[in-house]
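>>> From the sequence below, what's the structure:
(2 chains, ligands or ions: 3)
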Amino acid sequence: MRKTAADPKGVLSGAHFLDGDHAIAEGALAAGCRFFAGYPITPSTETAERFAERCPGVGGLFIQMEDEIASIAALVGAAWGGQKVMTVTSGPGLSLMMENLGLAVMTETPMVIADVQRAGPSTGLPTLPGQQDMMQVRWGSHGDYRIIALSPDSPQECFDLTVEAFNLSETYRVPVFIMTDETVGHMHEKVVIPPAEEIMVVARNLYDGPKEDYRPYRFTGKDVAPMVRAGDGYRFHITGLTHDERGYPALTPAQNVKVVTHLIEKIDSNADKIIRLEEEEVEGAEVLVVSYGITSRIVSRAVQLAREAGIRTGTLRLITVWPFAERRIRELAGQVRAIVVPEINYGQMVREVERCAAGQCRVVSVPHCGGAVHDPDVILGAIQEACQ
Amino acid sequence: MSTAFDEETFRAESPMAEFLRMERMPHIWCPGCGIGTVVNCFAEAVKKSGIDMDKLAVVSGIGCSGRVAGYVKLDSIHSTHGRAIPVATGLKLANPDLKVVVVSGDGDIVGIGGNHFIHAARRNMDIMVICINNFTYGMTGGQVTPTTPQTANASTTPYGNYEYPFSLPFLADACGATYVARWTSLHARNITKSIREGLSHKGFSFIEVIAPCTTLYQRRNRLGDGMDALAYYREEAEVDKEVDTRNVGIDFQGDITMGRFVRREKPTYLEAVNERYANVLGDEYQLYGMTTPEREEKERREAEARAKAQALVEDEEARLMAEDFGVDEEGLG
Ligand SMILES: Cc1ncc(C[n+]2csc(CCOP(=O)(O)OP(=O)(O)O)c2C)c(N)n1
Ligand code: SF4
Ligand SMILES: [Mg+2]
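Ligands and ions are numbered 1, 2, ... in the order given. Below is the predicted model of the structure:
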């Protein structure tokens, strides 16, 4: 993958006071995204609004589509038209996107989707935080597939991880999600946007060999074929049907083995390269708290209290939530007495933790039905109970 | 000398070889199906129009008609059911140099994809939509669609359809499409001409082609085969270009009013975007996504305007000089 410095035109270098939603838009512009299709939904709308305001000055285009189905469909078209593309949404919109998420996965189309999570089900609590789409984003579209999802815990990270999300999506030709939430989305903090030359951006890997030799796919399970742009004379074909290297339908179970295995393995076999974690005091810990997004900031307070109470507590923050940090969790599960997993849902990622811990230690879920962040004392209570 | 049919030779020498992915032949369509006619007309129109095929893209949804994208030797996307129009929208906006054509079925475009259809028409998005209307969901076995005439039999209206159907030209017209035409698959020359017009039209162009689904709609309604469908079109289809699109609904086996009903000029979506931004933001705004000829034309016009302005200034200066110093009358010496 070719990394270059960001195009300064899109980079608003300097120190700013931004909320997470706005920081996502800036991250996208810095990463070279010039096409945004979206549909308004609280608490994500500010990202679309900022992009709409900023794009005329940087040669970009914003279009408000008629719904979220159209938004993600437009991204598929625009990506093959040669653009880096993004949309943003929240729970109900994410639900609507699921079918075409499958199309993007199947056609190996790079795109970035930010999900500023609110509390559900259904319309739920539109203006209040949740972390309830963690499993939907992973499993919500039909069929077997992989996506990548990152979870920022601050406006600064919203910027940084959005740039990273674009880089990953270009590297693996896969939709990459920013799984944030209402609190981070609407929280204002200092966001430092570095000078353009310090922001490394993965350029679209474009094919430039003989036209008749172009193949949009390669099913290696390790890497992906280069792309082309519509209009450049390659006459490519892509389809949501099971297909061969040429992109032509190949409707046999054997071909589906090749395609599905590739879609899964290109992520799984590179998981160690993709996954980013932040660990603190895990060596010698009795209890490990695993969290992500806004919840990890509540965890810091709870852990501080636990340590004051004499409990050796380590933390692991999932910056990358999907692919899941299986290897590391398995390893740590063999070293601690218990793993505590607070999240603003009824217990979603905790199932992954349980699966990886595989009985080596206790796994304690600290659920929350959404609409607020945890009370640190509740997490503290769970830590205390877990090490009994 | 052998006269045996040689598939390789056929593929290489077919007049369609330039336009179709011959390696994907034979296609999936049933004998007598109307979809192939539309593909032929499209190929013919593309050839006659002399359009650069590298800059032409086709997007389809799902259905028998939706398979068109897979056979044309063009940049092509076979998308999801109903979503061809938003995919085409993204493709066009990402690369405005392209001419983007959606070819899909009635169920796809105005059933599941109806919302996208009306909004693309409203925006005057610069794409062409060809809807192959066979009054049925062919691919899934002949269910009722939003265009099935009342009383027609479908697998999900086994006692005859009781719903009110859409009249597609009226829908497109009402939503803001700037080119609207309807033909039947019998009228291949008209379809071809219409597609050519659509290819050079700026804005949302919509062509409905009434075409037989022989296997399901024809058979289920005891209407005979493909030839019988064409006989019906010859009998009942009539051109009326002056007609108000409110009056072109189709009853079961009833009259079919055909023609190019609408052709008007209106800024396209991108032209409107650029005009708005340029008005409000002035020089700060860098026009988005002009096509290369448009950009060249604009640069040429700007250069011309600059030259004209410069000439005016020079004239004016010369005039002032002449006045101030009275050069011409008295001279300076
Ligand atoms: C979301 C979704 N719902 C349903 C289907 C099943 N389906 C496939 S094709 C089709 C109907 C196509 O009808 P039409 O667009 O009229 O095309 P035709 O086959 O008649 O040419 C349906 C309902 C699907 N593929 N995707
Ligand atoms: S089922 Fe109907 S629409 Fe589909 S290919 Fe056969 S005749 Fe054509
Ligand atoms: Mg149909």
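
>>> hey, what's the residue in chain B that ligand 3 sits nearest to bridged with?
Closest contact between chain B and ligand 3, by Cβ to the ion, is at B:Gly105 (3.6 Å). Where C-beta positions appear, they are placed from N, C-alpha and C, glycine not excepted. Following DSSP bridges, B:Gly105 is listed with bridge partners B:Ile132.

>>> for chain B, what are the low-confidence residue spans?
The model of chain B has pLDDT under 70 over residues B:1-5, B:290-295, B:323-333.

>>> what about the longest helix in it?
Longest helix of chain B, by residue count under DSSP state H: helix B:292-325.

>>> From the contact counts, what lies against that one?
On a contact count with 3 or more Cβ pairs under 8 Å, 6 or more residues apart in numbering or on different chains; DSSP states H and E, helix B:292-325 meets no helix or strand.

>>> returning to what we had before: the residue of chain B closest to ligand 3 touches B:Val68, doesn't it?
No. B:Gly105 is not in contact with B:Val68 according to Cβ atoms under 8 Å; the separation is 9.6 Å.

>>> Of these two, which one has the most company?
B:Gly105 (34 against 28; other Cβ atoms under 10 Å in any protein chain shown).

>>> now the end-to-end length of stretch B:49-63.
Using Cα to Cα, to the nearest Å, the end-to-end distance of stretch B:49-63 comes to 28 Å.

>>> Any part of that stretch near ligand 1?
Yes. Using Cβ under 6 Å from any ligand atom, stretch B:49-63 reaches ligand 1 at B:62-63.

>>> List the buried residues of that stretch.
B:49, B:53-63 (16 or more other Cβ atoms under 10 Å in any protein chain shown).

>>> export the residues you listed to CSV and tack on distance to A:Gly347?
As requested, the buried residues of stretch B:49-63 are arranged in CSV below (distance: Cβ to Cβ, whole Å):
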residue, distance to A:Gly347
B:Ser49, 60
B:Met53, 55
B:Asp54, 53
B:Lys55, 53
B:Leu56, 52
B:Ala57, 46
B:Val58, 47
B:Val59, 42
B:Ser60, 42
B:Gly61, 39
B:Ile62, 37
B:Gly63, 41
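
>>> and chain A, which of those contact it?
B:53-55, B:57, B:59, B:62 (Cβ under 8 Å from any Cβ of the partner chain).

>>> So which of those residues are in strands?
B:57, B:59 (DSSP state E).

>>> out of the ones next to chain A among the buried residues of stretch B:49-63, which one sits closest to A:Ala302?
For A:Ala302, the nearest member of those is B:Ile62. The distance, counting by Cβ to Cβ, is 49.9 Å.

>>> For that closest one, which residues are in contact?
A:240, B:78-82, B:108, B:139 (Cβ atoms under 8 Å, 6 or more residues apart in numbering or on different chains).

>>> hmm, 6 Å instead?
If you count contacts by Cβ atoms under 6 Å, 6 or more residues apart in numbering or on different chains, B:Ile62 has them with B:His81.

>>> Helices of the stretch 1-150 of chain B, start to end?
B:7-13, B:35-49, B:68-71, B:84-94, B:106, B:114-122 (DSSP state H, counting those that start in this stretch).

>>> just checking, A:Ala149 is part of a helix?
No. According to DSSP: H, G, I helix; E, B strand; the rest coil, A:Ala149 belongs to no helix; its state is strand.

>>> What distance do you get for the nearest residue to B:Gly113 once chain neighbours are set aside to A:Gly77?
Nearest non-adjacent residue to B:Gly113, counting by Cβ to Cβ, 6 or more residues apart in numbering or on different chains: B:Gly82, 3.1 Å away. Distance of B:Gly82 to A:Gly77, computed by Cβ to Cβ, to the nearest Å: 14 Å.

>>> more neighbours, those two?
The residue with more neighbours, out of B:Gly82 and A:Gly77, is A:Gly77; 32 against 28, by other Cβ under 10 Å.

>>> ok, that one touching B:Asn95?
No. With contacts counted by Cβ atoms under 6 Å, A:Gly77 stays clear of B:Asn95, the gap being 9.4 Å.

>>> Contact partners for whichever residue of the stretch 151-300 of chain A sits closest to ligand 1?
Ligand 1 sits closest to A:Gly240 of the stretch 151-300 of chain A, with a gap of 9.0 Å, by Cβ to the nearest ligand atom. The contact partners of A:Gly240, taken as Cβ under 6 Å, 6+ apart, are A:103, A:106, B:80.
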